[in-house]
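J.: Quick one, fold the following:
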Amino acid sequence: MVKSTYNPQTAMDQLDQRFQASIARSTLSMSPVQGLLSYIDWSRHLAISPGKQLELINLAIGQGLALAQYAQRTQTVGIPGTPSHNTNLNIEPPIIDKRFSHPQWKAWPFNMLQLSYLMTEQWWKEATSDIRGVTPHHLDIVRMSTQQIMDALSPKNFMASNPEVLQKTLEEQGANLLRGAMNAWQQAIQQFTGRPDPKLENFKVGQQLATTPGKVVLRNQLMELIQYTPTTDKVHPEPILIIPAWIMKYYILDLSRHNSMIRHLLDQGYTVFCISWKNPGVEERNMGMDDYLSMGFFAALDAINQITGQHKVHAAGYCLGGTLLSIAAAAMGRDKDDRLLSLTMLAAQTDFSEPGELSLFIDNSQLAILEAEMADIGYLTGDQMAGAFLLLRSDLLIWSRYIKEFLMGEESTMNDLMAWNTDSTRMPAKMHSQYLRRLFLDDDLSEARYPVNGRPVSLTDIHLPIFCLGTETDHIAPWRSVYKIHHLCSTDITFALTNKGHNAGVVSEPGHKNRHFRVLTRTKDQTYLGPDEWYETAPLQEGSWWNCWFDWLKERSTEPVPPPPVGNAEKGYPSLCDAPGVYVFEK
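T.: As a prediction, the model looks like this:
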């Protein structure tokens, strides 16, 4: 069993926990020890690697010569926008980066600034790569930390070195900077007072978002089960249960009317149920993974069987909800429970040996800090999770926004997906510690060590047809990691890969522009294809992967019949309230 470090049993344990929690509050929940160890590991191995040092020296000399040659070819005098400004901008620099694609970056002196920056960035990437003897995890942390510094020092982030900002400032006589200052002041007030962004007024849950009609038919301490009102005269007998991740509000799958996956499933003639997880507080601090299985998935499955009278159910899990579903399905296979008809895994990992960029924040030192901090309040806050994602995409999520809103003075935009993303959730201390340690750190699920009801489960016991989705630019569940389900389950697997990322790739309704996907089915009798070979083999198709999934579900469903009742009071599942329920509004 995993030792419970968030509930100290001795005075000395409690002293350590309190001290580490105080450190966490001053380091943005990051472990300073792990950062220091990573730097020491990297610097000492670099110090005893003369070949690598010579390689870096040669790179620096080559970059200096290339910079000097480029300067000689492009040297000019003048300011952008003036008659003396050189308009001959067709000389390409040695390094091209889309962050500096605007033509003004090719003009002197900005061409030199951006090229110097890109060469420095290139040098540091090389300096934090391929060093003999360094622990890979330590090297990843040093590389990420160095990139954070480089992102902050980009010439785009300073008015004096950004020609686009200078041009706009000249044209508007500084009005953009005044607007930017007002934007910064308004955001500071929102942060200080806790008031939401005014633009969220157009994206309210139950009004513009999560509007698909339905009823809450089950509520317990951990979740609400929503049964949606059918939109067709007849439905396939086999209902669909959707399990979203507990680190997000469920309505990412029921956003606006046009891109609601739940509404589209209803229109395809299915009876749809969806779990809405409670936003946990102190009372739920000791809720663990077993509780999410018993009070979440299995409680929902029991309710669906009773309400609809159907034994067989399609189950779909998104992100960690898909991981939870795979654990449940493995346990059901072990226990000869045949109530599942098919599994759909949306951007969900079952093998965590290569979990992607989130692995930067997952090691024993980092988890000890997190557990100490969670012990004080009983849960992980939404802000703590958001901070990790911001660090992973600081150039896009921090600095690009800073330039647009504060330097250019432009208003930020808002859409339904962005509004959903601001609706953060918490996680109980016990459950968060368990899944980070047992899944991410120890990879117990893929190694058949993960226990359910005291006995380990194995994914090899899953013999159901599986539809599995990966997204090309996913940094939370990288598609090659998601693809590993192929060598964990010896069953029919239809794997689809769509463009975009973890959220936008899943919310990809029919008719959405610039969407494409690849799909290929491997039957249980076929040999294994590696991810790269699969990518070359699977045909590219334009449009939304939703239609492909709908066809896949239809092939495994029987002929439509009149829909079941919404709720069943006689069986103990009365309609408690209208969708989207109560838990979704908890902050």
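J.: pLDDT weak spots in the protein?
T.: Low-confidence segments of the chain, defined by pLDDT under 70: 1-9, 75-91, 386-389.
J.: Centre-most residue in it?
T.: Ile476 (4.2 Å; C-alpha atoms, centre = their mean).
J.: so how far is Arg515 from that residue?
T.: Using C-beta to C-beta, to the nearest Å, Ile476 is found at 19 Å from Arg515. Glycine gets a C-beta too; all of them are placed from N, C-alpha and C.
J.: related to what we said a few turns ago, my read: the residue nearest to the centre of the chain touches Gly356, true?
T.: Yes - between Ile476 and Gly356 there is a contact at 6.6 Å, judged by C-beta atoms under 8 Å.
J.: For Arg518, give me its contacts.
T.: 496-497, 535, 538-541 (C-beta atoms under 8 Å, 6 or more residues apart in numbering).
J.: run the last query once more with 10 Å
T.: Neighbouring residues of Arg518 by C-beta atoms under 10 Å, 6 or more residues apart in numbering: 470, 472, 495-499, 534-541, 545.
J.: quick one: what helix or strand has it in it?
T.: Element membership for Arg518, per DSSP states H and E: strand 516-522.
J.: Listing partners with orientation, what would you give for that strand?
T.: With DSSP bridges as the test, strand 516-522 is paired with strand 493-498 (antiparallel), strand 540-542 (antiparallel).
J.: residues of that strand that come out buried?
T.: The neighbour-count check on strand 516-522 (16 or more other C-beta atoms under 10 Å) flags 516-519, 522 as buried.
J.: about what we covered before: just checking, the residue nearest to the centre of the chain touches Leu320?
T.: Yes - the pair Ile476 / Leu320 is scored as a contact, 9.5 Å apart, by C-beta atoms under 10 Å.
J.: overlap in contacts of those two?
T.: 245, 247, 347, 349.
J.: Widest-spaced pair of these?
T.: Farthest apart among those by C-beta to C-beta are Ile247 and Gln349. That separation is 13.3 Å.
J.: who has more neighbours, these two?
T.: Gln349 (30 against 19; other C-beta atoms under 10 Å).
J.: what about the more buried one, which SS state?
T.: coil (DSSP: H, G, I helix; E, B strand; the rest coil).
J.: Can you name the residues that contact it?
T.: 319-320, 322-323, 326, 355-356, 358, 439-440, 445-446, 470, 474, 476-478, 481-485.
J.: Can you flag which of the residues you listed belong to helices?
T.: When the contacts of Gln349 are checked against helices (DSSP state H), the matches are 320, 322-323, 326, 481-482.
J.: Closest one to Trp42 out of these, please.
T.: Distances from Trp42 to the ones in helices among the contacts of Gln349, taken by C-beta to C-beta, are shortest for Ser481, at 25.1 Å.
J.: residue boundaries of the strands in the stretch 201-350 of the chain?
T.: Assigned by DSSP state E, counting those that start in this stretch, the strands in the stretch 201-350 of the chain fall at 214-219, 223-228, 240-243, 272-277, 313-318, 340-346.
J.: Pairing partners for the shortest one, with directions?
T.: In the sheet containing strand 240-243, the strands it pairs with under DSSP bridges are strand 272-277 (parallel), strand 313-318 (parallel).
J.: separation between Cys468 and Val519?
T.: From Cys468 over to Val519 (counting by C-beta to C-beta), the distance is 10 Å.
J.: what touches both of the two?
T.: 494-497.
J.: Who wins on neighbours among these?
T.: Leu497 (26 neighbours).
J.: That one reaches Pro478, doesn't it?
T.: No - applying C-beta under 10 Å, one finds Leu497 not in contact with Pro478, separated by 11.3 Å.
J.: Now the common contact residues for these two.
T.: With C-beta under 10 Å, 6+ apart, Leu497 and Pro478 have common neighbours 470-472, 531.
J.: Tell me which two in these are the farthest apart.
T.: Most distant of the shared contacts of Leu497 and Pro478, by C-beta to C-beta, are Thr471 and Pro531, 13.5 Å apart.
J.: The two: who's more crowded?
T.: A side-by-side neighbour count of Thr471 and Pro531, using other C-beta under 10 Å, places Thr471 first with 27 against 18.
J.: check contacts around that one.
T.: 346-347, 477-479, 482, 496-506, 508, 517, 545.
J.: Give the buried residues for stretch 322-332.
T.: Those would be 322-332, for stretch 322-332 by 16+ other C-beta under 10 Å.
J.: Can I get it in CSV, CA atoms only?
T.: Extracted in CSV, the C-alpha atoms of stretch 322-332 (Å, rounded to 0.1, in the frame of the first residue of the first chain):
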residue,chain,number,x,y,z
GLY,A,322,-10.8,7.2,-19.4
THR,A,323,-8.1,5.9,-17.2
LEU,A,324,-10.6,5.3,-14.4
LEU,A,325,-12.8,3.6,-17.0
SER,A,326,-10.0,1.3,-18.0
ILE,A,327,-9.4,0.3,-14.4
ALA,A,328,-13.0,-0.4,-13.9
ALA,A,329,-13.2,-2.4,-17.1
ALA,A,330,-10.2,-4.5,-16.1
ALA,A,331,-11.8,-5.2,-12.7
MET,A,332,-15.0,-6.2,-14.4
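J.: how distant is that stretch from the center of its chain?
T.: Offset of stretch 322-332 from its chain centre (C-alpha atoms, centre = their mean, to the nearest Å): 20 Å.
J.: Over to stretch 456-468?
T.: For stretch 456-468, the distance to the chain centre is 24 Å (C-alpha atoms, centre = their mean).
J.: now the end-to-end length of it.
T.: 23 Å (C-alpha to C-alpha, to the nearest Å).
J.: which residue packs closest to the residue nearest to the centre of the chain, ignoring adjacent ones?
T.: The shortest distance from Ile476 to any non-neighbouring residue, by C-beta to C-beta, 6 or more residues apart in numbering, is to His502 (4.5 Å).
J.: Next up, the contacts around that neighbour.
T.: Neighbours of His502 in contact, by C-beta under 10 Å, 6+ apart: 318-319, 346-347, 356, 389, 470-471, 473-479.
J.: and it, how far is that from Leu436?
T.: In terms of C-beta to C-beta, His502 sits 18 Å off from Leu436.
J.: what's the answer for Thr537, then?
T.: 35 Å.
J.: out of these two, which sits in the busier spot?
T.: More crowded of Thr537 and Leu436, by other C-beta under 10 Å: Leu436, with 23 against 10.
J.: My guess is Ser161 contacts Ser154. True?
T.: Yes - under the criterion of C-beta under 10 Å, Ser161 is in contact with Ser154, at a separation of 8.8 Å.
J.: intersection of neighbour lists for Ile476 and Gly356?
T.: 349, 392, 502.
J.: List just the nearest of those to Ala300.
T.: Scanning the shared contacts of Ile476 and Gly356 for proximity to Ala300, where the rule is C-beta to C-beta, the winner is Gln349, at 21.7 Å.
J.: Name the residues of stretch 252-266 that are buried.
T.: 252-256, 259-266.
J.: if we take those residues, which one ends up nearest to Thr27?
T.: Using C-beta to C-beta, those come closest to Thr27 at Ile252, 30.5 Å.
J.: Surely that closest one and Ala245 touch.
T.: Yes - counting by C-beta under 10 Å, Ala245 is a contact partner of Ile252 at 9.0 Å.
J.: and for these two, which residues touch both?
T.: Joint contacts of Ile252 and Ala245 (C-beta under 10 Å, 6+ apart) are 318-319.
J.: on that earlier part again, overlap in contacts, Thr471 and Pro531.
T.: 478-479, 482, 497.
J.: would you turn those into a markdown table with distance to Gly51?
T.: Listed next are the shared contacts of Thr471 and Pro531 as a markdown table, based on distance: C-beta to C-beta, whole Å:
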| residue | distance to Gly51 |
| --- | --- |
| Pro478 | 31 |
| Trp479 | 35 |
| Val482 | 37 |
| Leu497 | 39 |
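J.: Show me what the lengthiest helix in the chain is in contact with.
T.: Secondary structure of the chain per DSSP H: the longest helix is helix 50-74. Residues outside helix 50-74 that contact it (C-beta under 10 Å, 6+ apart): 45-47, 49, 86, 88-89, 91-95, 106-109, 111-112, 115-116, 118-120, 122-124, 126-127, 129-132.
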